[in-house]
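Asker: Can you look at this prediction? I've put the sequence above it.
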Amino acid sequence: AGATAGGPVGVPTDVRSAALATLGMAGLGLRAGLLFLRFMRRTATGAGLGFRWIDVPVGLGLLLLVYPVLHGIGIASNAVAHAVTGEAPDQVAHRTLEMLREVRGAEAAWAVVLGACAVLLIPAAEEIVFRGFAQSAVLRLTRRAWLSVLVTSAFFAFVHAPGAVIGAITGQGGGDGPVQLQALPTLWALGVAMGAAYERTRSLGVPIVMHMGFNALNVGLALGTG
């Protein structure tokens with residue numbers, strides 16, 4: 001989408017290209033996910049693939065409950081990264097948040113589009129994939145709820161910075177990815193919280209609301225430090 005609108009091919013380097021690429025990716029992913037959910041509801045009854053209005057206060061309440069833990073993990077991860085590299089890591093460890101923090105003037109309208117995608121579309125699409133499909137599949141294979149939560153959460157964190165993870169393991173340097181390596185423990189813990197909430201409530205709406213709230217908090221913090 002970014003390339004079609006005249007942006008660079010590959011990783012977007014400006015807010016306009018990033019907004020168009022994210023909107024296209026999230027829109028297509030969400031549409032595909034909803035179509036699969038419509039099909040799966042007929043065969044996977046009781047899997048919790050729906051959304052209830054009660055999921056909004058439940059999801060927000062659970063996020064507020066676990067957010068101090070996530071914040072503490074983030075502080076610890078940054079401290080470890082500082083000790084290992086000798087450099088203080090950026091508190092904003094996500095490329096999208098960095099772009100939003102640096103927006104000025106005419107780019108503000110595209111920043112609104114990018115922020116809306118990060119808060120609304122991306123969480124919905126990712127939770128359908130990771131909790132609705134992946135976690136449910138691992139649970140069906142293993143019959144162990146906590147194993148499905150932990151495995152899916154690890155995959156959830158990994159896909160946000162696969163090059164950095166592989167580079168750290170092989171010692172060949174980090175590759176490109178939307179988040180920095182020190183942010184992955186927080187993402188893994190967030191995935192565990194959302195996965196456990198999904199298993200406990202049997203409603204996909206709860207982790208979606210938790211994810212939306214988490215992204216909204218981070219967007220607000222990034223704008224506040226801009």
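Answerer: All right, it came through fine. Numbering: from 1, shown residues only.
Asker: can you pull out the helices in the protein?
Answerer: 15-40, 55-85, 95-101, 108-116, 122-127, 136-142, 145-158, 162-170, 184-201, 205-224 (DSSP state H).
Asker: Could you say which of these is packed most deeply?
Answerer: Compared across the helices of the chain, helix 122-127 shows the largest average neighbour count, a mean of 23 (mean count of other Cβ atoms under 10 Å). Every residue, glycine included, has its C-beta placed from N, CA and C.
Asker: Which of the helices of the chain sits closest to residue 48?
Answerer: helix 184-201 (6.6 Å; Cβ to Cβ).
Asker: Help me confirm that residue 132 comes into contact with residue 33.
Answerer: Yes: between residue 132 and residue 33 there is a contact under Cβ atoms under 8 Å: 7.3 Å.
Asker: hang on, the earlier thing: now distance to residue 49 and mean pLDDT too, for the helices of the chain, in a markdown table please.
Answerer: Formatted as a markdown table, the helices of the chain follow (distance: least, Cβ to Cβ, whole Å; pLDDT from 0 to 100):
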| stretch | distance to residue 49 | mean pLDDT |
| --- | --- | --- |
| helix 15-40 | 5 | 84 |
| helix 55-85 | 12 | 93 |
| helix 95-101 | 28 | 77 |
| helix 108-116 | 24 | 86 |
| helix 122-127 | 11 | 92 |
| helix 136-142 | 8 | 92 |
| helix 145-158 | 15 | 95 |
| helix 162-170 | 27 | 62 |
| helix 184-201 | 10 | 95 |
| helix 205-224 | 10 | 91 |
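Asker: I'd like those helices written out as CSV, with distance to residue 48 added.
Answerer: Shown next, in CSV, are the helices of the chain (distance: least, Cβ to Cβ, whole Å):
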stretch, distance to residue 48
helix 15-40, 11
helix 55-85, 10
helix 95-101, 29
helix 108-116, 26
helix 122-127, 12
helix 136-142, 8
helix 145-158, 12
helix 162-170, 28
helix 184-201, 7
helix 205-224, 9
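Asker: Verify the stated contact: residue 134 with residue 155.
Answerer: Yes: checked against Cβ under 8 Å, the pair residue 134 and residue 155 is within contact range at 6.5 Å.
Asker: contacting residues for the nearest residue to residue 66 once chain neighbours are set aside?
Answerer: Excluding the flanking residues, the one nearest residue 66 by Cβ to Cβ, 6 or more residues apart in numbering is residue 193, at 4.5 Å. Neighbour list for residue 193: 62-63, 66, 69-70, 210 [criterion: Cβ atoms under 8 Å, 6 or more residues apart in numbering].
Asker: Swap in 10 Å and give it another go.
Answerer: With contacts defined as Cβ atoms under 10 Å, 6 or more residues apart in numbering, the neighbours of residue 193 are 62-63, 65-67, 69-70, 149, 153, 207, 210-211, 214.
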